[in-house]
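Undergrad: quick one, structure for this:
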Amino acid sequence: MAVMNIARSGTKQWVLQRISNTVIVAYSLLVVTLLFLEPVTNHQALASFFSPIWFKVLTSISVCIFTLNGVIAGWQIAGDYVKGDAINKAFNFLCILLSLSMIVAMVKLIWL
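TA: You can find the predicted model right below:
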């Protein structure tokens, strides 16, 4: 978390989590609303659901914010419950690695 320069301030973490949670809820409500308006019944419908560029961009931003939220949460969990400096760093590295893998999977699924 020191790399992202938010490890020093609990207030910054709190604000970032609240903003990211708001974005995640808004995106989820948008997806649920769009699914009610146009139900997805097969793969072709799902592909057309994700085909607009604005929706791909919004999904990409939401996934990046979701992963940032996960990294911050992992850092907080490690600080509270994981004892030992080496294990703590390994746990944080694992959280960052999982978040990056989620972004790579999203790019592959949405854009390619």
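Undergrad: pLDDT below threshold where in this structure?
TA: For the chain, the stretches flagged by pLDDT under 70 are 1-9.
Undergrad: excluding its backbone neighbours, what's nearest the residue sitting nearest the centre point of it?
TA: Taking C-alpha atoms, centre = their mean, the centroid of the chain lies closest to F66, which sits 1.7 Å from it. Of all residues not flanking F66 in the chain, I24 sits nearest, at 5.8 Å (C-beta to C-beta, 6 or more residues apart in numbering). For the C-beta atoms, the positions are set from N, CA and C on the backbone; glycine is no exception.
Undergrad: enumerate every residue touching that neighbour.
TA: S62, I65, F66, N69 (C-beta atoms under 8 Å, 6 or more residues apart in numbering).
Undergrad: for the helix or strand hosting the last one, buried residues please.
TA: Going back to what we said before, that points to N69. Here N69 sits within helix 53-81, counting by DSSP states H and E. Buried residues in helix 53-81, defined by neighbour count with 16 or more other C-beta atoms under 10 Å: 58-59, 62-72, 74-75, 78.
Undergrad: with these in mind, which one is nearest to W111?
TA: Nearest to W111, judged by C-beta to C-beta, of those is T59 at 9.5 Å.
Undergrad: how near is that closest one to N88?
TA: Counting by C-beta to C-beta, to the nearest Å, the separation of T59 from N88 is 32 Å.
Undergrad: returning to that earlier point: and the contacts of I24, which is closest to T11?
TA: Out of the contacts of I24, the member with the shortest distance to T11 (by C-beta to C-beta) is N69, at 16.1 Å.
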